[in-house]
Every structure is written in structure tokens, then in C-alpha cells.
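Asks: model the following, please.
(one chain, ligands or ions: 1)
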Amino acid sequence: MLEIISFVFVFLVGLIVGSFVNVCIYRIPRKISIIKPRSRCPACQSPIKALDNIPLISFVILGGKCRNCGAKISWRYPLVELANGFLYVLAFNLILHGRDNWGIFVVALYLSTVFLIIFFIDLDFRIIPDSLTISGIIIGLAVSFLPCMHLRWLDSFVGFFIGGALFLTIAEVGDRIFKKESMGGGDIKLAAMMGAFLGWKNILLVLVIASFLGVVFGVVLILSAKDKISARTIPFGPYLVIAGLIAFYWGEQIIRYYLEFISR
Ligand SMILES: [Zn+2]
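Replies: All right, here's what the predicted structure looks like:
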């Protein structure tokens with residue numbers, strides 16, 4: 001029973017933070033403060049009342065429309081809140097089943113939220129803000145000194161360098177081959193940040209998983225899209241984010257299985 005209550009509590013906290021994730025996705029690329037003015041309807045600019053700003057519930061009560069002007073509210077807002085809620089539950093699952101400690105739980109919450117913000121900003125604006133990745137690199141390197149982390153500080157620093165160097169090389173080679181920017185500076189900094197949190201082995205895994213996802217989704221999108229051009233313009237950041245979370249939770253296991261498999 002206590003277990004269910006704790007899961008529900010973590011999920012609700014995830015929804016509330018998810019509401020803040022929406023604010024960040026909208027404001028960070030537009031260079032608006034994420035703290036000061038209260039949320040406004042993007043269509044009529046009227047401030048949204050606190051009661052109309054409850055995660056999920058307000059969207060349902062308002063029928064997905066602004067109370068003031070009736071403009072449709074994107075279904076993405078509740079989706080992002082739900083995604084953050086589920087990611088928090090996934091993180092909490094780590095602790096509850098005794099596989100990890102509270103320090104790693106906090107890191108998992110942080111990564112879930114920052115990755116979710118990066119996922120949608122890159123999808124919408126094709127940029128990954130430095131404010132998220134540079135601070136992420138510093139936090140990643142700093143927490144590696146904490147005794148609760150599995151990653152030693154040396155692994156974290158090597159991961160940071162390899163992540164950055166590997167993606168910088170791919171970007172350089174890609175630019176030569178495709179004669180246009182294949183991977184941006186944002187992707188390189190994101191890879192360096194992931195390296196700082198995950199270590200060098202996992203950053204190689206991230207590259208493999210992200211490329212695999214990129215190819216699979218790319219083919220699906222090109223086959224299903226009516227205009228072929230828009231399908232090919234999916235940025236790499238979202239794939240990196242999904243791969244990064246997979247590596248954070250299951251990287252060690254995947255690498256172990258892989259090594260057992262090839263040593264047979
Ligand atoms: Zn409105």
C-alpha cells in the first residue's frame with residue numbers, strides 16, 4: 001500500500017515538474033525568463049489563472065481550449081506532463097527495488113527533466129541550448145566525485161572528453177561527406193554532457209542506439225510522410241536523448257550481454 005502511495009506521489013510531482021518543463025520548452029529558445037511572468041495563452045496573451053494551470057486536469061476540464069479566447073491548447077502540453085510523470089516513476093523504480101541509492105535517484109530525476117526539455121526544443125527549433133548542456137557538463141563532472149555514484153570521477157572526465165571528441169569527429173566527417181551540417185555544436189555538447197554522466201563505454205552505446213533509432217524512424221517517416229523533405233529534417237538530439245536514458249538505466253546490462261555474446 002505504502003508502495004502505491006509513494007508511486008502516486010512521485011507521479012504527481014512528475015506531473016507538476018512536467019508543467020514547468022512545458023514552460024522551459026516554450027521560453028528557453030525564445031529567451032524569455034523561465035521564472036518571472038506567469039504563463040500566458042500563446043494565442044491571446046491573457047495570463048493563465050492558477051486553477052486553469054493544474055497539470056492534466058485543467059486541460060481536460062477546459063476541453064483543450066483557452067478559457068479566455070477559446071484557442072486550442074496543443075495536446076503536447078499534457079503529453080509532456082505525462083511523460084515527465086512516467087519518467088519520474090521509472091526513476092523511483094530504481095530505488096524501490098533496492099538497485100540504487102537516493103543520490104542516483106536525484107540524478108535520474110534531473111536527467112529525465114533536462115532530457116525531456118532538450119528533446120522538444122531540438123524538435124521545434126533545431127537547437128540545443130548551451131544553458132542546459134554546459135550546466136549539465138559541470139553538474140555531471142561534479143557529481144562524479146560523490147561516493148554514491150557508481151561512476152568514478154576519472155570515468156566521468158574520460159566520458160566527457162570521448163563524448164565530445166567522438167561527436168566532433170563525426171560532425172567534421174559528416175560535413176565533408178554530406179556538404180552540409182550533419183550534426184550541430186549542440187549535439188556535440190549534449191554528447192559531452194552524457195559522457196560526463198554515463199562514462200565512455202556508455203557514450204559509445206549511446207551513439208550506436210541513437211544511430212539505430214535515427215535510421216529506423218528516418219525510414220518510417222520517409223515512407224509515411226507525404227512530402228519527403230520534412231521527413232528528413234528530424235534533428236539528432238531527440239534520438240540522443242532516448243539513447244541516453246536507455247544507457248543510463250540499462251547501459252551496464254546491455255554492454256555486459258554484448259561482451260558475453262562476442263566472447264563466445
Ligand atoms: Zn487565449
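Asks: from here on, just use CA atoms for contacts and neighbour counts.
Replies: Will do.
Asks: what's the closest non-adjacent residue to F157?
Replies: Spatial nearest neighbour of F157, excluding adjacent residues (Cα to Cα, 6 or more residues apart in numbering): A196 at 6.0 Å.
Asks: which element is that neighbour on?
Replies: A196 is part of helix 185-198 when elements are defined by DSSP states H and E.
Asks: list the contacts of stretch 87-95.
Replies: By Cα atoms under 8 Å, 6 or more residues apart in numbering, the residues outside stretch 87-95 that reach it are 7, 10-11, 14, 100-102, 105, 108-109, 112.
Asks: okay, buried residues for it please.
Replies: Applying a neighbour-count criterion of 16 or more other Cα atoms under 10 Å, one finds 87-92, 94 buried in stretch 87-95.
Asks: ditto for stretch 178-191
Replies: Going by 16+ other Cα under 10 Å, stretch 178-191 has these buried residues: 182-191.
Asks: that stretch: end-to-end distance?
Replies: 21 Å (Cα to Cα, to the nearest Å).
Asks: what residues does that stretch touch?
Replies: Contacts for stretch 178-191 (Cα under 8 Å, 6+ apart): 127-130, 133-134, 160, 163-164, 167-168, 170-171, 174-175, 203, 236-237, 240.
Asks: tell me the pLDDT at the residue nearest to F157?
Replies: Looking at A196, its pLDDT is 97.
Asks: so it versus H97, what's the distance?
Replies: Noted for A196: a distance of 26 Å to H97, by Cα to Cα.
Asks: with F145 instead?
Replies: 25 Å.
Asks: quick one, domains of the chain?
Replies: 1-99, 101-264 (automatic domain parsing).
Asks: so the closest residue to F125 other than its chain neighbours, which state does it fall into?
Replies: In space, and not counting its chain neighbours, F125 is closest to P29: 7.4 Å by Cα to Cα, 6+ apart. Three-state call for P29 (DSSP: H, G, I helix; E, B strand; the rest coil): coil.
Asks: got a list of what P29 touches?
Replies: 121, 125, 127, 129.
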